[in-house]
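In: let's see this in three dimensions:
(chains A and B)
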Amino acid sequence: MAEQRSGSILAVDFGNVNTRAVLLDLVEGVYRLIARAETRTTVDFPAGDVRVGLRRAAERLTDVTGRRLLNPDGSIITPERPDRSGVDVFVATTSTGRPLRTAVVGLVPDVSIASSLRAAAGTYVQIVETVSLADQRTEEEQLNALLASRPDLIFIAGGTEDGAREPVLRLARLACLAVTLVQRGHKPSVLYAGNSALIPRIQQMFKGLTTVFTAPNVRPSLDDEELEGAQLKLALAFDERQSQRGSGFDVLGTMTSIGVLPTAQSYTLIVDYLGKALGGNVLAVDVGSAVSTLSASVAGQVTTAIRTDIGLGHSAATLLELVGEKAIQQWLPFVPAPGQIQHYALNKTLRPATIPETLPGLYLEHALLRAGIRALLEAARPTWLGDKTGLLPVFDRIIGAGSGLTRTGHPGFNALLLLDALQPTGMAVLQADPHGLIAALGALAPINAEAVVQVLDGLSLERLGVCVSVSGQPAAGRTALKIRITTEGGEVVRHEVAGGHLWVYPLETGRTVRVDVSAGRGLTIGGRTRLRFAADGGSAGLIFDARGRPLPLADTPAGRAAQMPLWISEVTGDPARPLEAPGQSDELAPAARSEPRRDRVFPAKSAARTVSPRGRFGRRTAPPPEPEAGDEPEDDTLSELNQLRG
Amino acid sequence: MLFYPDQRHMLELTTIRRERLLPEEAVGGVEVSEGALVNLRDVVASGTIPSRYVIVEAAEFFNLKQPSDLDELLQVEVGSAVDRGSPLAIRRNKRLLSPVSGVVAYIGDGRIIVQEAPQEIPLEAGLEGQVVSLVQDRGVVIETSGALLQGVWGNNRRTIGVLRLEPEAGLETIEGDQLNVEYRGAIVVTRRPLRETGLLVMEDQGFTGIIAPSMDASLIARALEASGAVMLTEGFGDIRMSNAILNMLNSFAGRQATLDAFLPNRWEARRPEVIINAPRGSARPVRPNPDLTLQVGTQVRLTRPPNAGQVGKVIHLPKTPYLLDNGLRARCAQVELVTGERVMVPLVNLEVFGR
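Out: Model prediction:
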């Protein structure tokens, strides 16, 4: 009897700090997340080879599932064998490595060059040179500029279909001359996505010189733009360059079904899918160690912004350089010592995987995170369809990814970071992707779209909950939101949230309630004064954010010291943790003290007006986790915590 | 469940393998063979950094009807070295002269392209050891044995010198007008954060390098311009050197060391480090194990405040996450510091010294 394939899939994302693996398989005819594992990425010292991390992650999956995934030589067993070892499909994505240094050559800055840049914005590309007909430099200067920029890829576009030919060829000849002059072994690849009638001549021109990728014209007409084909070829060029750089990517690429794709492209694909499936606006933001990505589907159009200078680890110092100290201070409830912010960012760049242990350190870390997301938003919003400046448009779904946004250890805290940084309006479903599922699914999409849809529909992303946010500036102490919640059992809960506060109704995943919420005078909920809806639960619960939009952060550290610990306490239910004294911090305390200090934890002040939702409604229970192996917690019990603390 | 902590090597005797590669933009070749024994200053590869190209419109100069007609007028070929003013092509009495000195890089389409004389880059071994493999056109892998201490930041200089500890009163007390022969050409270790005066003293006294625990970020530009090598062992800010590192460096005082103050960047799997070669011919110790896992009993260094730089021993590895005082919850190890104090530290904030 012929063996039946299960259609099992192993998808691995190699981040700059973490390598995340997910195992998907058919369960009763539907693809489900079977297990996941996480380990440190090993592209850096001392291993210097991503395959070491792959082996560790695969071994952990084996520990959890009992399923052998590795051949003795460290490669992944494909296809799946009758004894259930191996997988049918292995896909990989990565955000590690240097971005693809790309020179763009095109006819007109506002047309073909602009489209090329938009296509390039969907992957890890660093634009190092641009040459167009509008260029005032001499040909010799253009040639030297191209060569001095040391591109990995020359991206040529220009000419609409049935449009210009000779000017395109002239620019292509310049690119060809540049490729000719570069020594063997260093020659850039070429991507052509211009007038398709010229493809044979372009191929002939570069024949024997370098690899030529061709894609459909990015600008088939002045009114049309076609980026998808060029983006896929950019991904392949990225893969080709990665494999040439060693670090194990060369061998890894041969193990996978379609090479190693850029992680960011996955966000574009998945957000596009979700936008279409939900029929609303969707936003996903991933703040990594070295690279950050924000992908948004607005009015049916997806745009993705990738920044290699925004990150919480490797890119912490460049992030600070980008946003400036003021943008960081704006999120600090204390006065930083001179140089403190810069030292924090630099030390984070030197040790990117570390996490803060002190309270000032935590605020610094999250200030970088919030300011980084604000900068990403600023970069992304000009490309959103019909977006006006001002408040964020209503997003039906918001997904956070990356350790900084998903690994505080509390879903409410994770949600708060998203709310602070993005400042969503109206009602939004908040989700987290702590295990890099979106990256994995994006790589899978070209091979098995059905699996992607089924896994996304199967609640594989962590659902934090629903958030209702008030727009406008609610007066402190006055009612900003009136809430009426009707449970499945018919019980009615009424609550009023005062301006400047958050309130969480603990609604577990799997439970549903009816919500009737109205905004106070002069305020709206995404442009409406009243909303009635059925809400599903999540790990953070139902969040009502009555702080206002734009978020009225206090102008002074003392003011923020009154706000920020309170907000954290309101969403987590934990006691507020005020700083010992605003203006002081032990984050940079001397190292070699004989008696190291510890942060002091103060109980929440009883005078605080805030409601402690955790206290009122008891401990929230997270949905049962999938089997997991990795560097992350296995279990979660208070008694164990107390034991350790004692 | 296994946890693979970060490794920052502090090893008194180990086998060290290091790649020595030309810069990515350089074009060149390897100058030693596999198995060769090399000294610190030996050139193992050399290359050139591409320079400016000059386009000479030759067909236009001679008013040629066909670009191919240029072929019979040429006085040079691709690869020819030319001086400024030397003839590239001649037709009767008309001479096309090279506008620059360099190398003919391209001839075609009626054009001659001359590349100006490129910058030569010699790549030194930087280690005393044996070439164990070649990286085609780029460099070599050298193996040696000795003591190894890795830092966190460097100013992108490499130097060789005798390791010396600063005077008890500090680096700054080495006065400019007093003759301190002991420190001239030395790599000086300071246990205190590096100040601007420390960099000035280095220049005045002719140290070839400084190993310091930390420095203020405002000194980065200054350090990058310094002629000597600077390596930090802890980070930026006001952090003192951990006793473990100081003791190790102290034990090698007076020995010749190679300080590779590599400036970390995210694209290269390298770290700044100091290597003190073991005598040649001694038995080769084992190489560091990249697969070290965290175990009860493992010696660790704590990397984040409030205990940054402290050294201790793992005494417990709980399976569940621990609620830190700042509200984060993370998987931690219980570590007993050398002072006897026991602290909970996130696993990701621990480094091991290697083995």
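
In: just give me the residue closest to the centre of chain A.
Out: residue A:286 (1.3 Å; C-alpha atoms, centre = their mean).

In: nope, chain B is what I was after
Out: By C-alpha atoms, centre = their mean, chain B has its centre lying nearest to residue B:262, at 2.8 Å.

In: you'd agree that one is up against residue B:157?
Out: No: distance between residue B:262 and residue B:157: 9.1 Å, which falls outside the contact criterion (C-beta atoms under 8 Å). Using the backbone N, CA and C atoms, a C-beta is placed for each residue, glycine as well.

In: any idea how the chain splits into domains?
Out: Defaulting to chain A. A:9-94, A:100-237 (automatic domain parsing).

In: wait, chain B was what I had in mind.
Out: Following the assignment in automatic domain parsing, chain B carries domains at B:51-117, B:152-270, B:299-352.

In: avg pLDDT for the last one?
Out: The pLDDT scores in domain B:299-352 average 95.

In: start to end distance for that domain?
Out: Terminal residues of domain B:299-352 lie 6 Å apart, using C-alpha to C-alpha, to the nearest Å.

In: can you name the residues in contact with stretch A:112-119?
Out: The contact list for stretch A:112-119, computed with C-beta atoms under 8 Å, 6 or more residues apart in numbering or on different chains, reads A:104, A:106-107, A:127, A:130, A:132, A:155, A:157-159, A:193-194, A:218-219, A:225, A:227, A:230-231, A:234, A:303, A:383.

In: okay if I get the domains of chain B as CSV plus distance to residue B:129?
Out: Output for these, formatted as CSV (distance: least, C-beta to C-beta, whole Å):
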stretch, distance to residue B:129
domain B:51-117, 33
domain B:152-270, 10
domain B:299-352, 25
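
In: stretch A:305-322 and chain B, any residue contact?
Out: Yes: Stretch A:305-322 comes into contact with chain B (C-beta under 8 Å from any C-beta of the partner chain), by way of A:314-315.

In: how distant is that stretch from the center of its chain?
Out: 13 Å (C-alpha atoms, centre = their mean, to the nearest Å).

In: now the helix or strand hosting residue A:101: buried residues?
Out: For residue A:101, the element it lies in under DSSP states H and E is strand A:100-106. For strand A:100-106, burial by neighbour count (16 or more other C-beta atoms under 10 Å in any protein chain shown) applies to A:100-106.

In: mind checking how far it is from the chain centre?
Out: Relative to its chain's centre, strand A:100-106 lies at 25 Å (C-alpha atoms, centre = their mean).

In: which other helices and strands contact it?
Out: Using 3 or more C-beta pairs under 8 Å, 6 or more residues apart in numbering or on different chains; DSSP states H and E as the contact test, the elements touching strand A:100-106 are helix A:114-120, strand A:125-132, strand A:153-156, helix A:166-181, helix A:228-244.

In: again, 6 Å this time
Out: Contacts defined by 3 or more C-beta pairs under 6 Å, 6 or more residues apart in numbering or on different chains; DSSP states H and E place strand A:100-106 against strand A:125-132, strand A:153-156.

In: quick one: contacts for the residue of the stretch 351-500 of chain A found nearest chain B?
Out: Proximity of the stretch 351-500 of chain A to chain B (C-beta to the nearest C-beta) peaks at residue A:409, 2.5 Å away. For residue A:409, the contact set (C-beta atoms under 6 Å, 6 or more residues apart in numbering or on different chains) comprises B:328-329.

In: quick check, it in a strand?
Out: No: using DSSP: H, G, I helix; E, B strand; the rest coil, the assignment for residue A:409 is coil, not a strand.

In: residue A:525 bridge partners, please.
Out: Counting by DSSP bridges, residue A:525 forms beta bridges with residue A:528.

In: I figured it was touching residue A:532, is that so?
Out: No: using C-beta atoms under 6 Å, residue A:525 is not in contact with residue A:532, being 10.9 Å away.

In: the more surrounded of these two?
Out: Comparing residue A:525 with residue A:532 by other C-beta atoms under 10 Å in any protein chain shown, the one with more neighbours is residue A:525, at 23 against 10.

In: and the gap between that one and chain B?
Out: Residue A:525 sits 29 Å away from chain B, going by C-beta to the nearest C-beta, to the nearest Å.

In: let me see the ranges of the strands in the stretch 151-300 of chain A.
Out: A:153-156, A:189-192, A:212-214, A:260-262, A:282-287, A:292-298 (DSSP state E, counting those that start in this stretch).
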